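[1] Provided below for reference: sequence and predicted model.
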Amino acid sequence: MRYIRLRSLLTIIPLITILTITGTTTPAEAEPADAYPRIWATTAPAYQPLSATAPVDTNSVAIVKNIKRYGIEQYGVPARDLPSMNLAIRKFSNPLWTARNTDPSYDIRFHDCQKKGYTPSQFKKLKGVHIPARAVQSAGTDGQLAVFNADTGRYVDLWQAYKKKNKWYACWGGSIASTYQSNGTFPAPTGVSASGVALEPYTVKVAELRAGRIDHVIGMHVPPQVIDSYVSKPATRTDGRLPRTGNTISEGQYLRLPANLDIDSLNLHPVAKTIAKAAQKYGFMVVDGSGGINLTLENASTFAKDPYPELFGDAESYNVMWGGLHGKYAAFPFDKLQVIKRNYVPKPKVTIKVTDQGKSSFGFKATGAPSGARLVVTWWRKGGTHLSTANATTWWSGQQTGYRHAQAKLISAKGKTLVKSPVVRRR
């Protein structure tokens with residue numbers, strides 16, 4: 001817990017013999033590249049946009065009002081009816097470090113900050129952790145950091161971590177063997193956040209603020225006076241202690257700005273506007289408790305030069321969401337937030353993309369595929385003969401001599417066709 005100060009059927013087209021072999025695909029809407037690399041499975045909850053009709057909790061108004069009440073009491077501005085909405089960039093924020101196998105390797109040692117009298121079992125998995133030499137933990141009592149090994153996909157979160165005499169210590173943490181196969185949650189009771197979700201996917205990155213687009217759910221920390229003991233998916237645990245009532249919220253639960261809200265018309269600070277658009281598309285998720293209301297940004301210590309003065313302008317981290325120091329911008333529309341029903345998690349959008357269009361080969365990759373799904377690739381050649389090949393994975397690349405058309409479809413474990421790819425044609 002953190003206490004923070006301010007802060008179709010396929011249509012076969014007759015083959016036409018021409019000298020040049022070319023390839024085309026059915027037109028598809030192009031999506032912009034991610035502002036920051038995605039390291040988690042495509043099915044990870046953090047990456048799923050909310051439906052415009054996501055179910056709103058029947059007690060939404062009361063819950064928002066209650067959160068706002070304590071947000072005003074804890075570092076807010078009562079005279080302006082503004083709850084705290086701090087952007088944590090130094091203390092209690094998340095340093096996101098990328099490691100390589102060439103970086104020093106450490107067996108994380110247990111620091112018994114909570115007087116347990118024993119070493120928690122997860123420390124058996126916190127061995128051989130590569131950490132960059134310049135890595136530091138966040139300032140403040142949490143002393144947290146996240147390390148992603150780009151060579152192996154391993155991910156580690158540490159809490160109350162520190163380095164002493166070339167050894168790394170931590171009071172708590174967790175390790176995920178491969179982010180590429182993970183939905184971004186730790187098995188209870190491991191991990192750093194009280195909700196059990198990994199720090200990285202819910203952290204606002206500097207590159208995202210510079211691009212003006214955040215492509216994921218944002219983690220929100222709210223006062224403990226509003227968190228009940230219920231665990232809402234995708235959270236795996238909670239530090240909430242209150243009984244569930246009509247004005248409490250659960251860790252793992254979403255809040256969002258209405259899908260029909262015209263954010264461009266609100267005259268928000270550029271950073272607040274970027275956050276608001278993400279809150280509308282992806283939502284906030286309650287991931288932990290804190291003093292006041294806080295959103296966690298990438299820690300300034302991971303940069304050679306602090307990037308936030310340029311991004312915030314004449315505003316400070318604690319008042320960006322209020323519109324800055326001089327009322328140049330409007331405040332974030334907190335009262336318009338909607339609380340989504342407990343255990344609602346957006347379903348991944350299932351797609352197949354063409355990844356290879358070589359003269360004699362094709363490639364297909366499925367994203368958002370449920371467990372047990374497989375790709376079936378069908379090939380055609382002149383005369384209408386065809387050949388189908390199945391693959392147990394969600395990625396396929398290769399060739400079939402003499403075949404010039406191909407299409408992939410994703411089949412569920414129960415045999416249902418979930419989606420078809422564009423048709424790749426060779427003429």
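    Received the coordinates, thanks.
[2] shaky segments in the stretch 1-150 of the chain?
    The stretch 1-150 of the chain contains residues with pLDDT under 70 at 1-34.
[3] Report the buried residues of stretch 121-140.
    By 16 or more other C-beta atoms under 10 Å, the buried positions in stretch 121-140 come out as Q122, F123, K125, L126, V129, H130, I131, A135, V136, Q137, S138, G140. For every residue, glycine as well, the C-beta is placed using N, CA and C.
[4] can you list the residues you listed in TSV and add distance to T302 and secondary structure?
    Putting the buried residues of stretch 121-140 into TSV (distance: C-beta to C-beta, whole Å; DSSP: H, G, I helix; E, B strand; the rest coil) gives the following:
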residue	distance to T302	secondary structure
Q122	24	helix
F123	25	helix
K125	24	helix
L126	21	coil
V129	17	strand
H130	16	strand
I131	13	coil
A135	8	coil
V136	8	coil
Q137	11	coil
S138	10	coil
G140	15	coil
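[5] all helices in this structure, in order from the N-terminus.
    60-73, 206-211, 270-281, 308-312 (DSSP state H).
[6] Contact partners for the closest residue to L257 other than its chain neighbours?
    Counting by C-beta to C-beta, 6 or more residues apart in numbering, Q280 is the residue found nearest to L257 once chain neighbours are left out, at 4.2 Å. By C-beta atoms under 8 Å, 6 or more residues apart in numbering, the residues touching Q280 are R256, L257, P258, A259, L261, I263.
[7] Those: which two are farthest apart?
    Pairwise distances among these were taken by C-beta to C-beta; the largest, 11.9 Å, belongs to R256 and I263.
[8] the more surrounded of those two?
    Set side by side, R256 and I263 show more neighbours around R256, with 24 against 17, by other C-beta atoms under 10 Å.
[9] quick one, what contacts the more buried one?
    R256 neighbours (C-beta under 8 Å, 6+ apart): L50, A54, A279, Q280, Y282, G283, F284, L337, Q338, I340.
[10] List the residues that contact S138.
    For S138, the contact set (C-beta under 8 Å, 6+ apart) comprises R90, K91, F92, S93, N94, P95, Q144, L145, N299, S301.
[11] my guess is A315 meets G327, correct?
    No: A315 lies out of contact with G327 (C-beta atoms under 8 Å); the separation is 10.9 Å.
[12] More neighbours: those two, which one.
    In terms of neighbours (other C-beta under 10 Å), A315 is the more surrounded of A315 and G327; the figures are 24 against 10.
[13] Find the nearest non-adjacent residue to the more buried one, please.
    G324 (3.7 Å).
[14] just to revisit the earlier point, save the contacts of R256 as JSON lines, and put in distance to G292 too.
    Below are the contacts of R256 laid out as JSON lines (distance: C-beta to C-beta, whole Å):
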{"residue": "L50", "distance to G292": "25"}
{"residue": "A54", "distance to G292": "26"}
{"residue": "A279", "distance to G292": "18"}
{"residue": "Q280", "distance to G292": "23"}
{"residue": "Y282", "distance to G292": "22"}
{"residue": "G283", "distance to G292": "20"}
{"residue": "F284", "distance to G292": "15"}
{"residue": "L337", "distance to G292": "16"}
{"residue": "Q338", "distance to G292": "21"}
{"residue": "I340", "distance to G292": "22"}
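[15] Going through those residues, which ones are buried?
    Looks like the contacts of R256 have L50, A54, A279, Q280, Y282, G283, F284, L337, Q338, I340 buried, using 16+ other C-beta under 10 Å.
[16] contacting residues for K281?
    By C-beta under 8 Å, 6+ apart, the contact set of K281 is P49, L50.
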